[in-house]
Structure formats: structure tokens, C-alpha cells
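Participant: sequence unknown, structure follows:
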Ligand code: 13P
Ligand code: SF4
């Protein structure tokens, strides 16, 4: 950590008082986290926005999170992200035009399709969800939202994360025969008629960080004596989740660590900034990363970039969402907040 930068940020925060709110996701580095007013998982951060009065909301996280904040903020508020290029690679696996084509193709077959987008998606995809009467979910409420979506039409298109989709379908006991992972790479379309008759259609996206974790990684640590606990994020593949003791959102993992007995050994399968912080904050437990590594998009937010944003609040480009799609994307998000209310 750079003391000079830290001191400047602290001084600016004091100077700006309640006109500034800094939000940070759990995957941010400690050098950034020390400066945030509110730290949370994706759902908690989204739910916080409507309560904020601050004129400037500085969002330390990836771009889809800042866009979500911009959609839920008032016109008078400016949402700023210290590095606008901090893009989640999973969101990029579902390009808006391709999703639109898939939705059209399913609709043309006479099926009422309800798109349910993980918040880790582009604003264009969220707008399609609003347009088709669907919604949005996070890892913390995926089961509630998928259950809701299954009651709204003939089938659900869950996107972009097939792992979160399958893990959530397992929780809801949606039969395997009712699910299909779409082949959307085929330029002539996508789908065979068999897939299309299923109730749950899964986009084939994954998170490159959680994808690294394989069932063998879990089995290997479980050979230790005494057998350690394994906590993972539901973006891990189902084979990993099936072997773990807990599968939960980032805040859920933090709670599970807090509730574990002193002396417990815990391997955690999620982003390393969070795992290493949990290890430092819980010296009475033995906490190790399972090996997912760092999210390079989250690492783009540095203390120096945060300082530069705070020094140039009115010059730093605010996060803007195209006004042609913002109302539809907002509708999809508000549906989620309403279902959760
Ligand atoms: P949470 O919603 O659990 O905070 O996770 C967001 C994320 O990007 C996980 O990779
Ligand atoms: Fe996206 Fe994966 Fe990074 Fe989460 S960990 S922000 S899903 S790339």
C-alpha cells in the first residue's frame, strides 16, 4: 500500500463528506477495500444503490456492476468506475445480438421464453430480459429468481453462466431431461428441436477464473487428515459444487467462514483477493485458496486509479447507459428487486 495515496484518499473522503459514497465488491484488493463505505456481494451492492443520497457514487468493481448502479441511481447522481475497462469476461460470452437472435428463434417456434440474466451480463442483455418479461439474478438469489422465472412462460433462457444455471437447477430439482446447454457458436443457429423442447435452456458461458477449478482439485485436498472443509462459489462447475461443503455467493462464503469452528481447515474456491483476506481476518482458522486465482478485471481497480477518480470527480467520465435501452434494463433489475422485497 502506498501511504501517500492512502492519505490523499482519506483526506478527500473527509472533504467530500456525504456527497461521496464508495462501494466495493468483495473481490477488490485490500488497498482498495480499506477506503470503501460499503462492501458487499453483487446483490447487496445493487440493493444499496436506491438508498444512497450521495451525489457521487464511486464503484470499485467490474463494469457490469457500475452499469447496474447507474441504472438504479437517480439522474442527479454520477456513478464513476475508476477503470471503465474493468470488464467481466463472463459478461462478454453473451453478445447482445446473438442473445436477441436466440430469443427470436425460440419465440418463432411459438414458445413463450423468459430470459433470466445473471447480473454478470451486458446492459443490452438485461434490456432484452426486460423486453421479454424476464429478469436478472445474482448468485445470492439465483434459486428464488429461477423458480420465479419458471412460472412465467413455457421455458427459461438462463444466461450467460451455464454453471450457475445448472447448480441452481440442481438445487430446485429441475430434472436433467428438462435442461439443455445451447450450442450458440454455430453461425446458422443454434438449436436442435430437441433442445428447444426443454424447459430450461442454458447459455454456454463460464467464468474463466472459477472454470479453473476441477473436481480433482477438491478430491486432492479432501485426502488430507483431518478432512478439510471446502467452500466454493456456484460459478464453479457442478462436479466441484457436488463435492463441496458449501456453495454460496461471496457474502455467503464469508458467513460460512464466520460460522465455522475455531481451528477448522477450509479451502475456498473463489477469487483469491477474497480468500486471502478471509485467511488474514480469521487467524483462528486455517484458510487456503483452492486455486481459482485473481480476477484480472477486478485487479484493474487500483488505489492510484481510485485517487485519480476522486481528484477528478467532475471530469472523470460517468457511467452512462444508452437511453434507448436503459428503461428495459431497469425494468429487468426492478423486477428482481420487487421479487426480493
Ligand atoms: P457475487 O454475486 O457472489 O458477489 O459474485 C460476483 C462474481 O462476479 C463472482 O465471480
Ligand atoms: Fe466476472 Fe469471473 Fe471476475 Fe466474477 S470472477 S467478475 S464472473 S470474470
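Facilitator: Everything's here; your move. Keep in mind that what you see is a predicted model, and the values were worked out from it rather than measured. Ligands and ions are numbered 1, 2, ... in the order given.
Participant: can you list the weak-confidence ranges in the stretch 101-250 of the chain?
Facilitator: Within the stretch 101-250 of the chain, the segments meeting pLDDT under 70 span 185-193.
Participant: can you give me the strands in it?
Facilitator: 113-118, 135-137, 155-159, 179-181, 200-202, 229-232, 246-247 (DSSP state E, counting those that start in this stretch).
Participant: count of residues packed around residue 84?
Facilitator: Close neighbours of residue 84, defined as other C-beta atoms under 10 Å, add up to 14. The way it works is simple: take the backbone N, C-alpha and C, and place the C-beta from them, glycine included.
Participant: My error: substitute residue 134 in the last question.
Facilitator: So residue 134, with other C-beta under 10 Å, has 29 neighbours.
Participant: What about the residue nearest the centre of the chain? Give its phi and psi, please.
Facilitator: Closest residue to the average C-alpha location of the chain: residue 120 at 4.7 Å, with C-alpha atoms, centre = their mean. Main-chain torsions, residue 120, degrees, to the nearest 10: phi -70, psi 70.
Participant: would JSON lines of the strands of the stretch 101-250 of the chain with distance to residue 329 be doable?
Facilitator: Below are the strands of the stretch 101-250 of the chain laid out as JSON lines (distance: least, C-beta to C-beta, whole Å):
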{"stretch": "strand 113-118", "distance to residue 329": "9"}
{"stretch": "strand 135-137", "distance to residue 329": "9"}
{"stretch": "strand 155-159", "distance to residue 329": "14"}
{"stretch": "strand 179-181", "distance to residue 329": "25"}
{"stretch": "strand 200-202", "distance to residue 329": "21"}
{"stretch": "strand 229-232", "distance to residue 329": "30"}
{"stretch": "strand 246-247", "distance to residue 329": "28"}
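Participant: about what we covered before: got a list of what the residue nearest to the centre of the chain touches?
Facilitator: Residues near residue 120 by C-beta atoms under 8 Å, 6 or more residues apart in numbering: 42, 62, 64, 88, 90-91, 160-161, 207.
Participant: Can you check those residues and name whichever has the most neighbours?
Facilitator: residue 161 leads these on contacts (other C-beta under 10 Å) with 29 neighbours.
Participant: Would you confirm that that one contacts residue 235?
Facilitator: Yes: counting by C-beta atoms under 8 Å, residue 161 touches residue 235, with 5.9 Å between them.
Participant: anything in contact with each of the two?
Facilitator: 90, 206-207.
Participant: closest to ligand 1 among the residues you listed?
Facilitator: residue 207 (5.3 Å; C-beta to the nearest ligand atom).
Participant: Am I right that that closest one is in contact with residue 160?
Facilitator: No: shown here, residue 207 and residue 160 do not form a contact pair, counting by C-beta under 8 Å, at 9.3 Å.
Participant: list residues touching both of the two?
Facilitator: 90, 120.
Participant: Wait, a strand at residue 58?
Facilitator: Yes: counting by DSSP: H, G, I helix; E, B strand; the rest coil, residue 58 falls inside a strand.
Participant: Quick check: the residue of the stretch 51-200 of the chain nearest ligand 1.
Facilitator: residue 139 (4.0 Å).
Participant: Could you pull up the contacting residues of the closest residue to that residue other than its chain neighbours?
Facilitator: Of all residues not flanking residue 139 in the chain, residue 249 sits nearest, at 4.1 Å (C-beta to C-beta, 6 or more residues apart in numbering). Taking C-beta under 8 Å, 6+ apart, we find residue 249 in contact with 41-43, 138-140, 233-234.
Participant: what's the answer for residue 329, then?
Facilitator: Here residue 329 is in contact with 71, 123-124, 126-127, 129-130, 321 (criterion: C-beta under 8 Å, 6+ apart).
Participant: now do residue 129
Facilitator: 115-117, 135-136, 328-329, 332.
Participant: What of residue 18?
Facilitator: 53-54.
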